[in-house]
Structure formats: C-alpha cells, structure tokens
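Enquirer: Let me see the structure of the following:
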Amino acid sequence: NINISNGGVLDVTNTSQTVGVVNLTDNAAITTSTSFVGLFDFAQINVGTVAGTTAEISVPIQGGTINKSGAGKLVVSGAFNAGFTGTVNLDAGTLQLYSQDALGGGNLNINGPSTLSLNNALGLGNSQIFNNTITLAGAGATIDVNGNLSILNGDIGETGGSWGFAKTGSGMLHLGGTNT
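Expert: The predicted structure follows:
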C-alpha cells in the first residue's frame, strides 16, 4: 500500500507506475510535470478528504477502482485517461472532472449525498461530452455544471430505489443516454 496524506505528492513524471492500493487524504496528489508522460496503473485508490480539503489525480490513469469518501473534493485533472475502464464510487463530497475523458470509459456510482462537478478551474468545461455510465445508488446526488454546456451521453440508471439527482449551476446539462 502507498499512503499519501496532508499535502504529500507522488510524482510519476517520465515513468509508468503499476501499484496495488493507494490511499490519498487531505490535499494529497498524484501528479506529473507533463500530462503527456507517465501512466499510473492501479488496483484501487481510496480518497478520503475532510471538508475544505482537495485531493488531486493529475496524471493519466489506468486501473481498477477509485473510492471517494469524506466531505472534501477529489479533482481528476489528468488528460488522456481513455485507458481507464474501472469504476469510481462517489460516496461523499465532490468529484470534479477537468476534461471529458477524465474517467475514460469507466463507470461512476453515486452512492449518496455527493456532487459530480463538470466545471473546472481551467475554463475548459464548455461543450464537453461525457460518455460514462452513471448509477445512482442513494439519495442526494447533485450534478453541477456551473456556467458550462455539459453533455452526458452515458446511460444514467438507479439501483436500490428511485433516487434522481439535482442539477445545479447556470449552465445547460444535456442528457443523451438511456436514462431509467
């Protein structure tokens, strides 16, 4: 296991890393000095952030499961994540995606009161198309588009109940998938 906490950084510049379990907490990051070099292949990343803290994955990812818990934020800002086909479990807090391929072909499970943020600090959020399948498995899901046009072409479904989600932000959210 690799534990990165309290502002710690794992830099995978000029290398590719294959690891088992990584634990990120409170302002920790997995990064590279260039988004074109390095690949982080993992079995599982557990992200636990308290309110007011942000963990970030800014390296191209490929691997298994990302589990997000805690009231803080996880930013996935790495580009070229098309190889990621795993699952993201958003149990609490905010998952902020900087690019339309941030989760590659992976699936997203929103398992409770959490926010999927499709706006980004770089101002690149307009007209992004997300093709990920989203499963709602608990009450309190929010999709925040800020002032952007965001398109969700992946299917949105529910399990264990009829949950729905709230859309926030002044932008437009277009649903293009099969939604049940």
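Enquirer: Please determine how far residue 67 is located from residue 10.
Expert: 17 Å (Cβ to Cβ, to the nearest Å). C-betas here are computed from N, CA, C, even on glycine.
Enquirer: Out of the helices and strands in this structure, which is least certain?
Expert: One helix or strand of the chain scores below all others by mean pLDDT, DSSP states H and E: strand 128-130, with a mean of 83.
Enquirer: and the helix or strand following that strand, what other elements does it pack with?
Expert: Past strand 128-130, further along toward the C-terminus, the next helix or strand under DSSP states H and E is strand 134-136. Packing contacts for strand 134-136, counted by 3 or more Cβ pairs under 8 Å, 6 or more residues apart in numbering; DSSP states H and E, involve strand 107-110, strand 156-158.
Enquirer: Repeat the analysis, applying 10 Å as the threshold.
Expert: On a contact count with 3 or more Cβ pairs under 10 Å, 6 or more residues apart in numbering; DSSP states H and E, strand 134-136 meets strand 87-90, strand 107-110, strand 156-158.
Enquirer: Buried ones in the last one, by neighbour count?
Expert: Spelled out, it's strand 156-158. Using 16 or more other Cβ atoms under 10 Å as the test for burial, strand 156-158 gives 156, 158.
Enquirer: Look up the residues forming beta bridges with residue 23.
Expert: Partner residues in beta bridges with residue 23, using DSSP bridges, are residue 3, residue 46.
Enquirer: can you list contacts of the least confident helix or strand of the chain?
Expert: 97-103, 108, 116, 118-120, 145, 148-154, 174, 176-177 (Cβ atoms under 10 Å, 6 or more residues apart in numbering).
Enquirer: among the residues you listed, which ones are buried?
Expert: Buried among the contacts of strand 128-130 (16+ other Cβ under 10 Å): 97-103, 108, 116, 118-120, 145, 148, 150-152, 154, 177.
Enquirer: What about the residues you listed, which are in strands?
Expert: Mapping those onto strands (DSSP state E) picks out 97, 108, 116, 150, 151, 152.
Enquirer: between these, which is nearest residue 134?
Expert: Distances from residue 134 to these, taken as Cβ to Cβ, are shortest for residue 108 (4.8 Å).
Enquirer: Is that closest one in contact with residue 74, as I believe?
Expert: No - between residue 108 and residue 74 there is no contact, the gap being 11.9 Å when judged by Cβ atoms under 10 Å.
Enquirer: okay, and the common contacts of these two?
Expert: Common contact partners of residue 108 and residue 74 (Cβ under 10 Å, 6+ apart): 66, 88, 90, 95, 97.
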